[in-house]
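Engineer: Below is the sequence, then the predicted model.
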Amino acid sequence: MPEQSSGPGVPARALVLQSEAEVAAELRRLGVHPAAVALMAPKGMHLNIMVQGIPGRAAQVLKQEALAEGAEAAIPWQAGESPEQAFPALLMGTREQLLALQRRLEPQPLGLARVGAQVGQAIARAERTRSWQIDLPDGRAVVGGKRTLVMGIINLTDDSFSGDGIGREPEAAARLAREMAEAGADLLDLGAESTRPGAEPVDGEDEINRLLPCLEAVLAATDLPISVDTYKPHVARSALGAGASIINDITALSNPDMAALAAEWQAPVILMHMQGTPKTMQQAPHYDDLLGEVFAFLARALQRAVAAGIPDSQVILDPGFGFGKTLDHNLELLRRLAELRSLGCPLLVGTSRKSTIGTLLGGLPPQQRVEGTAATVALAIANGADIVRVHDVREMVRVARVTDAVVRGWRP
Ligand code: HH2
């Protein structure tokens, strides 16, 4: 006999409903008329949406229109005194109220129609799961959405922070690639230059000489799409020529030649946030507004890509866990990762064995950080990651599948 969930003696319960579909399911269970479910479901989701570029003289109009819908617009107090200056505003309300606000803003001047359109876009993108596809230069596609994709890391280095570097030995690279493929990897990421904090840049020719023989061996060993972890356009060109499919650029197209190369090859790109360079990034990372700054950085990187001719559907974004961030920054990024979903691109997260995990676990060395990595992988998926970049493929595939079953409704 199922327990009666309602009736006297049952105290009030604060529900945790994270999508409109979850609100609708609860309304149906309650016995709400089907027509009313559709009407009420958008009222059951509260959203906070940060919008930018509101001219001071439009800020009061925005506030009035928000209040007229029963929502709220928080604006900086200086906005009233600087009519020409642009300000951010935080819109707070239910999904329904904010969509109604969007409709109200449509005919408005002073850039408010654009703000309304952005609100609608952010609401649509905040939805929990969506399907996506990137097209590879060889005609294949990588499809995501139903479950999280796992990218196995192959470091062709002698100095990687995690101690997993396998040097420049093609046979070792092929063996690791085969193991990762059998363990369930969806993609492989090959890198021939360590980007650990303090790492010295590697000469491009040396990087190519390390990379190419191993890349060829890996391509012969598995069918998995390969991304190449490099920020040097000529290294990426050689790798694409040899059969790599994706460019993983930790400098997010800071070199315009990289953007041109990706456009020319129609290659997908992974664009990552970093404050500083690997050599200096951990000296004194500082943010006034961590999520805001990472979001704006990635939005601009995406704009650079699109301006260079890379379609936005070919861009994967990455908050750059550990790249110019303190332990607290890394944890906040993971906790609030879902905010980056409003950028509209698949999200890749690389927490695997990183020092934040070691520090939290009393200084454990990288090879003993697998459980800590598992916690971060599960949380990253729960908060919107589409791809996880990991060393321990077998273990993290298992973590991802179970997390996907909870979060996305994935089933074997
Ligand atoms: N992390 C590392 C290297 N490349 N690329 C992306 N997109 N995201 C990451 O988080 C990321 C990355 C550092 O990890 P690893 O490759 O294991 O170490 P090393 O750079 O020392 O070889």
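Structural biologist: Nice, I can see it. Here the structure is a predicted model, which means the values were calculated and not measured. Numbering: from 1, shown residues only.

Engineer: which residues does the closest residue to Arg178 other than its chain neighbours contact?
Structural biologist: Nearest in space to Arg178, with sequence neighbours left out and distances taken as CB to CB, 6 or more residues apart in numbering, is Ala221 at 5.0 Å. Quick note: C-beta positions are derived from backbone N, CA and C, even for glycine. The neighbourhood of Ala221, defined by CB atoms under 8 Å, 6 or more residues apart in numbering, consists of 174-175, 177-178, 181.

Engineer: Please report which of the residues you listed has the highest neighbour count.
Structural biologist: Within the contacts of Ala221, neighbour counts (other CB atoms under 10 Å) peak at Ala177, which reaches 25 neighbours.

Engineer: Roughly how far does that residue sit from the ligand?
Structural biologist: Taking CB to the nearest ligand atom, to the nearest Å as the measure, Ala177 falls 15 Å from the ligand.

Engineer: and if you look at Ile154?
Structural biologist: 9 Å.

Engineer: tell me the SS of that residue?
Structural biologist: strand (DSSP: H, G, I helix; E, B strand; the rest coil).

Engineer: tally of neighbours for it?
Structural biologist: Count around Ile154 with other CB under 10 Å applied: 26.

Engineer: thinking again about what came up before, ok, so of the contacts of Ala221, who is nearest the ligand?
Structural biologist: Set against the ligand, the nearest of the contacts of Ala221 by CB to the nearest ligand atom is Ala177 (15.1 Å).

Engineer: Help me confirm that that closest one comes into contact with Asp189.
Structural biologist: No: if you go by CB atoms under 8 Å, Ala177 and Asp189 don't touch, sitting 10.9 Å apart.

Engineer: Need the overlap of contacts for those two.
Structural biologist: Taking CB under 8 Å, 6+ apart as the criterion, Ala177 and Asp189 both touch 152, 154.

Engineer: neighbours around the closest residue to the ligand within the stretch 1-150 of the chain, how many?
Structural biologist: For the stretch 1-150 of the chain and the ligand, the shortest gap (CB to the nearest ligand atom) falls at Leu149, measuring 13.2 Å. Neighbours of Leu149 under the rule other CB under 10 Å: 22.

Engineer: so who does it touch?
Structural biologist: Applying CB under 8 Å, 6+ apart to Leu149 gives the contacts 142, 186-187, 386-388.

Engineer: can you put those residues in JSON lines and add pLDDT?
Structural biologist: Output for the contacts of Leu149, formatted as JSON lines (pLDDT from 0 to 100):
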{"residue": "Val142", "pLDDT": "98"}
{"residue": "Asp186", "pLDDT": "98"}
{"residue": "Leu187", "pLDDT": "98"}
{"residue": "Asp386", "pLDDT": "97"}
{"residue": "Ile387", "pLDDT": "98"}
{"residue": "Val388", "pLDDT": "98"}
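
Engineer: So which of those residues reach the ligand?
Structural biologist: Among those, proximity to the ligand is found for none (CB under 6 Å from any ligand atom).

Engineer: Counting neighbours, which of those residues comes out on top?
Structural biologist: Val388 (28 neighbours).

Engineer: pretty sure that one is touching Leu337, no?
Structural biologist: No: counting by CB under 8 Å, Leu337 is not a contact partner of Val388; they are 11.5 Å apart.

Engineer: Quickly list what's touching both of the two.
Structural biologist: 349, 380.

Engineer: Close to the ligand: what parts of the stretch 151-300 of the chain are there?
Structural biologist: Proximity of the stretch 151-300 of the chain to the ligand is confined to 153, 155, 157, 160-162, 191, 194-196, 229, 248, 250, 270, 272 under the rule CB under 6 Å from any ligand atom.

Engineer: Do a quick rundown of the strands in the stretch 51-200 of the chain.
Structural biologist: Along the stretch 51-200 of the chain, the stretches classed as strands by DSSP state E, counting those that start in this stretch are 72-74, 86-94, 132-135, 141-144, 149-155, 187-191.
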